[in-house]
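Undergrad: next one to model:
(one chain, ligands or ions: 1)
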Amino acid sequence: VIPGWFSEISSMWPGEAHSLKVEKILFQGKSDYQNIMVFQSSTYGKVLVLDGVIQLTERDECAYQEMITHLPLCSIPNPRKVLVIGGGDGGVLREVARHSSVEKIDICEIDNMVVDVSKQYFPDVAVGYEDPRVTLHIGDGVAFLKAVPEGTYDAVIVDSSDPIGPAQELFEKPFFELVAKSLRPGGVVCTQAESIWLHMDIIEDIVSNCRQTFKGSVNYAWTTVPTYPSGMIGFMLCSTEGPPVDFKHPVNPIDENECQKSVRPLKFYNSEIHAAAFCLPSFAKRKIGPK
Ligand SMILES: NCCCN[C@H]1CC[C@H](N)CC1
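TA: This is a model prediction of the structure:
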């Protein structure tokens with residue numbers, strides 16, 4: 001370990017570790033589920049770390065939060081009811097709130113300390129909680145979905161950490177089946193789906209489970225996030241049987257300059273990068289590309 005540097009060392013990405021220079025550690029704590037740390041970095045703003053894994057930095061969180069939200073919500077004409085599983089930092093809520101068609105936003109986050117820490121150290125991310133359409137449920141996403149009436153949501157966004165730890169069950173088939181039941185016909189789900197450089201085996205399993213579970217379309221998309229391992233992260237975009245969804249051509253575009261009074265303009269997402277996100281390198285296309 002280099003003094004003054006944080007290195008993201010994990011068995012989930014053996015033999016490599018992204019490092020950030022640390023100016024000051026701002027918070028360290030342990031919730032019922034995980035270790036939580038916040039530090040001021042030299043060049044990426046404040047950084048949120050769970051069990052030694054970087055969750056977000058102020059400088060590049062826009063890439064992840066905007067893409068995981070607008071890839072699904074811009075792919076259906078009028079999203080009204082949206083569920084966020086995970087996402088306790090509030091960044092996805094901030095992005096969902098940009099859609100004026102949305103009437104109700106439920107969020108189910110297992111760890112209340114993540115919510116409190118984000119509100120204290122990342123106000124520009126946790127601002128999402130201030131939207132009156134938001135209802136926060138603290139609990140397990142699987143239990144929450146079991147209690148949801150069938151066909152409740154137009155969109156579900158699964159903003160999870162990695163498969164090792166509290167989020168493990170969010171990568172397994174029973175969870176996908178519960179998500180599918182909670183969606184209306186032609187409803188959409190977007191999940192955090194790891195990196196094609198690091199986790200192709202996991203992604204192949206996820207794609208296989210999704211193809212068995214979601215009878216509309218199943219697509220893998222990705223974005224660049226400098227501070228995530230391998231500098232990128234992917235998403236599964238799936239739709240249930242019903243009105244067809246063409247994820248690659250946003251039917252409900254959001255204008256990057258559409259800056260409502262309350263929120264800042266989009267920093268990353270636009271319609272061109274939406275379409276581009278579904279283009280895969282050949283090694284990935286062969287394994288997880290459209291059949
Ligand atoms: N709202 C930010 C959640 C971050 N999602 C994950 C964090 C851990 C990474 N290895 C993968 C993405």
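Undergrad: tell me where the chain has strands.
TA: Under the criterion DSSP state E, the chain contains strands at 5-7, 19-30, 35-41, 46-50, 53-57, 81-86, 104-109, 134-138, 153-159, 183-192, 218-224, 232-239.
Undergrad: who touches the shortest one?
TA: Meaning strand 5-7. Strand 5-7 is contacted from outside by Val1, Ala17, His18, Ser19, Leu20, Lys21, Val22, Phe39, Ser41, Val47, Val49, using CB atoms under 8 Å, 6 or more residues apart in numbering. Bear in mind the C-beta positions are built from the backbone N, C-alpha and C, glycine included.
Undergrad: 6 Å - rerun?
TA: The contact list for strand 5-7, computed with CB atoms under 6 Å, 6 or more residues apart in numbering, reads Ala17, Ser19, Leu20, Lys21, Val22.
Undergrad: buried ones from these, can you make that a PyMOL selection?
TA: Buried members of the contacts of strand 5-7, defined by 16 or more other CB atoms under 10 Å, are picked up in PyMOL with:
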select buried, resi 20+22
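Undergrad: name the nearest of the contacts of strand 5-7 relative to Gln28.
TA: For the contacts of strand 5-7, the closest approach to Gln28 (CB to CB) belongs to Val22, at 12.1 Å.
Undergrad: pretty sure the closest one is touching Val38, no?
TA: No - using CB atoms under 6 Å, Val22 is not in contact with Val38; the gap is 11.0 Å.
Undergrad: one step back: from the contacts of strand 5-7, which is closest to Ile203?
TA: After measuring those against Ile203 - CB to CB - the closest member comes out as Ala17, at 21.4 Å.
Undergrad: give me phi/psi at that closest one?
TA: The phi and psi torsions at Ala17 (degrees, to the nearest 10) take the values phi -160, psi 120.
Undergrad: and the pLDDT for it?
TA: According to the prediction, Ala17 has pLDDT 97.
Undergrad: residue contacts, it?
TA: Contacts of Ala17 (CB under 6 Å, 6+ apart): Ser7, Glu8, Ile9.
Undergrad: try Val125
TA: By CB under 6 Å, 6+ apart, the contact set of Val125 is Asp89, Gly90, Gly91, Ser118.
Undergrad: quick check: residues of the chain near the ligand?
TA: 53, 55-56, 64, 87, 89, 91, 159, 161-162, 192, 228-229, 233 (CB under 6 Å from any ligand atom).
Undergrad: how about 5 Å then?
TA: Gln55, Leu56, Asp89, Asp159, Ser161, Asp162 (CB under 5 Å from any ligand atom).
Undergrad: picking up where we left off before, drop anything exposed from the contacts of Ala17.
TA: So, by 16+ other CB under 10 Å, the buried ones in the contacts of Ala17 are Glu8, Ile9.
Undergrad: of the contacts of Ala17, which is the nearest to the ligand?
TA: Nearest to the ligand, judged by CB to the nearest ligand atom, of the contacts of Ala17 is Glu8 at 8.2 Å.
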